[in-house]
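[1] Any chance you could fold what I've pasted below:
(one chain, ligands or ions: 2)
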Amino acid sequence: MEYMEYIHFNSQMEYMHIIKDFAYSLLSKCTSYIDQKLNSKGDYDETYCIDLLCMINEVLQQPDVQNLHTNPGFEVDLKLHILGEAAHAFQRRHEEFVKENDPHMRLGKLKPHYFAIFRDLYQEKDAHQIQAKDFCEMCLHPAIVNYVNNRLGVEIVDNFHNSEQSIDFGSRSFFQFTILKDLLNEWDFDQYVEYITTYEKFVKSWIWKRMVDYYTKNEDLKNLEENIFSAILDKIRKTLEKLRHQGAATISEFVQDFSQEMQKELVIPKDSLVGTYMKQAFDPGHFFAFVESFLPNLQEQILSRFKDLDIKSKLSKLPVRPQDEIFKQMFGCGKQCPFCYAPCEAGGSTHREHFATIHRPQGFGRFRYTDSEKLVCSLCSTDVSTNQMFRNRDTNYQWHPYKEYRTYYPDWRIQPDPSIKASDYWKYILKMFSDDFARQYKAKPANLPEDSGNIIKEEALQAVKDRYKL
Ligand SMILES: [Zn+2]
Ligand SMILES: [Zn+2]
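    Ligands and ions are numbered 1, 2, ... in the order given. Have a look, this model is predicted:
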C-alpha cells in the first residue's frame, strides 16, 4: 500500500503559526488604513471605525480564512485589539485637529497678517498690491499645493509603468520572476520566510522599496512636479486673462468668479482672505498686473517646499498613494496554494479558479511527514496525480487523497506538472536553507532527493525563467 507511507499533515502547533501569520497580516493591512487616514489631516470621522470593522469582517468571511476555523472569541479579541489601537491614534489626530482649528489659536496665527495689513495701509501702499499678495499667499498657494499632490500620485503610477521598471511590473508572471530574482540576489533567509508566510505584507514593502529606490536615483519626481506645476500655472494665467474683461466690482466677487472658473482643478479657500479692503473699489487690470508679478515668486516658494521633502515622506503623504495602486495591479487575489503557499497568478479579481505557474516543495507550506517530522520535499503538482494522501485541519485530520484535493479546495486548480525542473528554484532554496526552514517551522530538515544536490544558483533562476517563458 504505497500511499500509506506517504503521509503529510499539519500539526496543531503549525496551526498556531498559521493563525499568527494571518493575524499579523490583517493587522498590517489595518495599520496601513489607519496611517492613510491620519495622513489625510482631516478630523476623525466615525465612518473610519465602521470601515475598519467592515474590512476585518470582509477578510474573516473569505473562504480560506473560514477554513482556519477560528472561534468567535478570537475574532472579538482581534477586533478589540485593532480598534483599540485605532482609537488611540484617531483620538490623537482629533486633538491635533481641534488645536489647529481653535478660533483663538487661529486668530493668534493671523496676528502677523493683520499687522502686515496695518503696516501696508499706514505706509499707503497700493491696496491692490496688498490684495494681490494676499490672494497669492492665502488662496493660490494652498490650492496649488493640494492640486500638485493630488495629481502627483496618479502621474507617478503612469510614470513608473512607462519607465525602465515597466518590464518588471508588466505582468504578474514577470513580477513574480523579479521578486524571485531579487530574493536570490539578496540571499536573506528572513526575507524568504516573509515572502512565503506573510505574502501580502512582503509584496507591499517590496514595491515600496522599489519605488523609493527608483525615485531616489533619478530626477523623474522633480520633473513630474514641475510639469504639473507649470500646467496649472498656465491655466491660472489664462483664467486671469479671461476674468480681466469680466470686470468684478470687488475682490470678493473676483475670488468667487475665479473659484468658479477653476473649480475642476483648484479648491480655493475663500474665507482665508481677511482684512478691511474686502469691499473696497477694485480695478481688475491693476490687480492682475500685481498677481502676475507675484506668480514667479509663488512658484519658487512651492517648488522649494517640494524639494525639501524626502522621497519617502513625499510618497507616503499623497492622497492617491502610488504604491497602493501598483500593489493592486500586481498583487492579484493574494490567495496562496493550500499545500505549498505559491501565490495565485490568475488575472482579474473575479476569477473563479486560483492558479500558480510554479508550485513548490510542500515543506514550504509547513507540510511534514507524520512519523519523521521531516519537511516534505515533493511538489503538490506532482502529488495530485498520484495515490498519495494528506491530512490537515481542513480535512479534520482525516486522510484524504491528493487526487481529490478539490473536495476541500474547490477554487484551486493545481495542474499536474510533468516537468519537475520548473521547481528547481524552490528545491535549491530548500536545499540551501534546509536547517533554517526546519527550525522556523519547528520540524526536521527535509530529506532532499539526490538530484537536487546538484542544482546551482544560476540553474535555479533559469528554471523559473524557462517556466514563465521569459
Ligand atoms: Zn502548491
Ligand atoms: Zn486567485
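
[2] Which SSE is immediately downstream of the host helix or strand of Thr382?
    In the assignment (DSSP states H and E), Thr382 maps to helix 380-383. Reading on from helix 380-383 to the C-terminus, the next helix or strand found by DSSP H and E is strand 389-391.

[3] separation between Gln176 and Trp187?
    Relative to Trp187, Gln176 is positioned 18 Å away (CB to CB, to the nearest Å). Any C-beta I mention is one placed from the backbone N, CA and C, and that applies to glycine too.

[4] Could you check which of those two is surrounded by more residues?
    In this comparison of Gln176 against Trp187, neighbours counted by other CB atoms under 10 Å, the higher total goes to Gln176 at 21 against 11.

[5] tell me the contacts of Ser25?
    With CB atoms under 8 Å, 6 or more residues apart in numbering as the criterion, the residues that contact Ser25 are 198-201.

[6] Neighbour-wise, which one of those leads?
    Among those, Tyr199 has more neighbours than the rest - 20 neighbours, counting by other CB under 10 Å.

[7] any idea which of the contacts of Ser25 is closest to ligand 1?
    Tyr199 (13.1 Å; CB to the ion).

[8] from what I can see that closest one touches Pro343, true?
    Yes: taking contact to mean CB atoms under 8 Å, the distance of 5.6 Å between Tyr199 and Pro343 places them in contact.

[9] Quickly list what's touching both of those two.
    Counting by CB under 8 Å, 6+ apart, the common neighbours of Tyr199 and Pro343 are 334, 336.

[10] For Glu194, give me the pLDDT.
    As predicted, Glu194 sits at a pLDDT of 93.

[11] what residues are up against the residue lying closest to it once chain neighbours are set aside?
    Nearest residue to Glu194, sequence neighbours excluded (CB to CB, 6 or more residues apart in numbering): Phe202, at 4.6 Å. Phe202 makes contact with 191, 194-195 under the criterion CB under 8 Å, 6+ apart.

[12] Am I right that Phe202 sits in a helix?
    Yes: if the criterion is DSSP: H, G, I helix; E, B strand; the rest coil, then Phe202 is within a helix.

[13] separation between it and Tyr341?
    Phe202 sits 12 Å away from Tyr341, taking CB to CB as the criterion.

[14] Double-check Asn447 against Cys377; I have them as touching.
    Yes: applying CB under 8 Å as the test, Asn447 and Cys377 come out as touching, 6.7 Å apart.

[15] Give me the pLDDT for the closest residue to ligand 2 within the stretch 1-150 of the chain.
    Minimum separation of the stretch 1-150 of the chain from ligand 2 (CB to the ion) falls at Asp64, amounting to 10.4 Å. Among the per-residue scores, Asp64 holds a pLDDT of 74.

[16] any idea how far the one helix or strand Lys314 maps to is from the chain center?
    If you go by DSSP H and E, Lys314 is part of helix 311-317. Here the centre of helix 311-317 is set off from its chain's centre by 12 Å, with CA atoms, centre = their mean, to the nearest Å.

[17] Check which helices and strands that helix is in contact with.
    Helices and strands in packing contact with helix 311-317 are listed as helix 12-39, helix 199-217; criterion 3 or more CB pairs under 8 Å, 6 or more residues apart in numbering; DSSP states H and E.

[18] Indicate which one of the ones you listed is closest to Ile56.
    helix 12-39 (6.8 Å; CB to CB).

[19] Mark which of the contacts of Phe202 are part of helices, please.
    Among the contacts of Phe202, the members falling in helices (DSSP state H) are 191, 194-195.

[20] which among the residues you listed end up buried?
    Buried residues within these, defined by neighbour count using 16 or more other CB atoms under 10 Å: 191, 194-195.

[21] Could you list the contact residues of the stretch 201-350 of the chain toward ligand 1?
    337, 339-340, 342 (CB under 5 Å from the ion).

[22] Name the member of these that has the highest neighbour count.
    Neighbour counts for these were taken using other CB under 10 Å; the highest belongs to Phe339, with 29 neighbours.

[23] how far away is the residue most central in space within the chain from Phe288?
    Centroid check for the chain by CA atoms, centre = their mean gives Asp324 as the closest residue, at 2.9 Å. When CB to CB is applied, the distance between Asp324 and Phe288 equals 41 Å.

[24] what's the answer for Ile414, then?
    For Ile414, the distance to Phe288 - CB to CB - is 69 Å.

[25] Between the two, which has more neighbouring residues?
    Under the neighbour definition other CB under 10 Å, Ile414 and Phe288 were set side by side, and Ile414 has more, 26 against 18.

[26] hang on, that one packs against His359?
    Yes: in this structure, Ile414 is within contact of His359 by CB under 8 Å, at 6.7 Å.

[27] Between these two, which contacts overlap?
    337, 339, 380-381.

[28] contacting residues for Leu224?
    Applying CB under 8 Å, 6+ apart, the residues near Leu224 are 152, 155-156, 159.

[29] where does it land on pLDDT?
    At Leu224, the pLDDT value in this model is 92.

[30] gap between it and ligand 1?
    The span separating Leu224 from ligand 1 equals 41 Å under the rule CB to the ion, to the nearest Å.

[31] quick revisit: only the buried residues of the helix holding Lys314, if you could.
    When neighbours are counted by 16+ other CB under 10 Å, the buried residues of helix 311-317 are found to be 314-315.

[32] okay, it in CSV with CA atoms only?
    The C-alpha atoms that make up helix 311-317 are tabulated as CSV, following Å, rounded to 0.1, in the frame of the first residue of the first chain:
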residue,chain,number,x,y,z
ILE,A,311,11.1,60.9,-1.2
LYS,A,312,9.7,58.6,1.5
SER,A,313,7.6,61.2,3.3
LYS,A,314,6.5,62.7,0.0
LEU,A,315,5.3,59.3,-1.4
SER,A,316,3.5,58.3,1.8
LYS,A,317,1.6,61.6,2.1
